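*Asks:* Test case, fold it:
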Amino acid sequence: MRVLLVEDDPMIGAGMRSGLATQGMAVDWIMSGGNAIEALAANHYSIILLDLGLPDMTGLEVLKAARQSKRATPVLIVSARDDIGSRVAGLDLGADDYILKPFDFAEMLARIRAVVRRQSGHLVSKIESSEVTLDLASHEVRYRGASHVLPAREFALLLGLSERAGTILSRAQLEEKLYGFGEEVESNAIDVLIFYIRKKFDPDIIRNIRGAGWMVPRGFK
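*Replies:* Residues are numbered from 1 along each chain as shown. Down below sits the predicted model:
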């Protein structure tokens, strides 16, 4: 899952980026509204975490610009503004949820999962097929009778493939899902993650399409 974090407070931003990274999320941290709009135009994100008090423009202006450009990327406003007017304005402009600072990190993760789940049409915090179940909250994966809680990056890779089951994803596409701006990526990083996932379960859980990339079979719902 790739996240656009729009937060101008260095301490809060660094803490959020670090915490989200431990969950296997690729985080692009932007500190101004103008740069956030540019990042949205150039990249695909699973969710935007948006502060309202930015130095160059308000978060509401960023949200308005995103929705006017027809981008349906889910938006979770993360703000210290607790007045009803700000919350109503954010939701009316197209935000999917609103959480107040200071917040409990576990609650923010739950809200992220809920927003992304609704966007992808899942009613519960799981992605399931006839053979595979991925639990978005616990990172537990079940496949052909085997069950393991995967490390964050392994789970993120399998989730990225599962969300587009039946579609071949290239190395570059998978790296984009797993790594944010400025993160150094080893040339064999994807291969290593896939090796460990297959070792825990079975080689068939992720199929290699020679010269093109990797995929998981259709059937996820």
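*Asks:* contacts and neighbour counts: CA atoms only from here.
*Replies:* Fine.
*Asks:* Who does the lowest-mean-pLDDT helix or strand in the chain pair with, and is each partner parallel or antiparallel?
*Replies:* The helix or strand of the chain with the poorest confidence is strand 126-128; it has a mean of 76 (mean pLDDT, DSSP states H and E). Strands that pair with strand 126-128, judged by DSSP bridges, come out as strand 132-135 (antiparallel).
*Asks:* can you give me the offset of the strand it pairs with from its chain's centre?
*Replies:* 17 Å (Cα atoms, centre = their mean, to the nearest Å).
*Asks:* what comes into contact with the helix or strand following it?
*Replies:* Next helix or strand after strand 132-135 toward the C-terminus (DSSP states H and E): strand 140-143. Around strand 140-143, the neighbours that count as contacts under Cα atoms under 8 Å, 6 or more residues apart in numbering are 131-135, 147-150, 201, 205.
*Asks:* and if you look at stretch 98-117?
*Replies:* With Cα under 8 Å, 6+ apart, stretch 98-117 has contacts from 46-47, 74, 76-82, 87, 90-91, 96-97, 123-125, 136-137.
*Asks:* ranges for the strands of this protein?
*Replies:* 2-6, 26-30, 47-50, 75-79, 97-100, 126-128, 132-135, 140-143, 146-149, 207-209, 213-215 (DSSP state E).
*Asks:* Quickly, which of the ones you listed bottoms out on average pLDDT?
*Replies:* Here these differ in mean pLDDT, and the lowest is strand 126-128 at a mean of 76.
*Asks:* Would you confirm that Met57 contacts Met31?
*Replies:* No - contact criterion Cα atoms under 8 Å: Met57 and Met31 do not qualify, at 10.9 Å.
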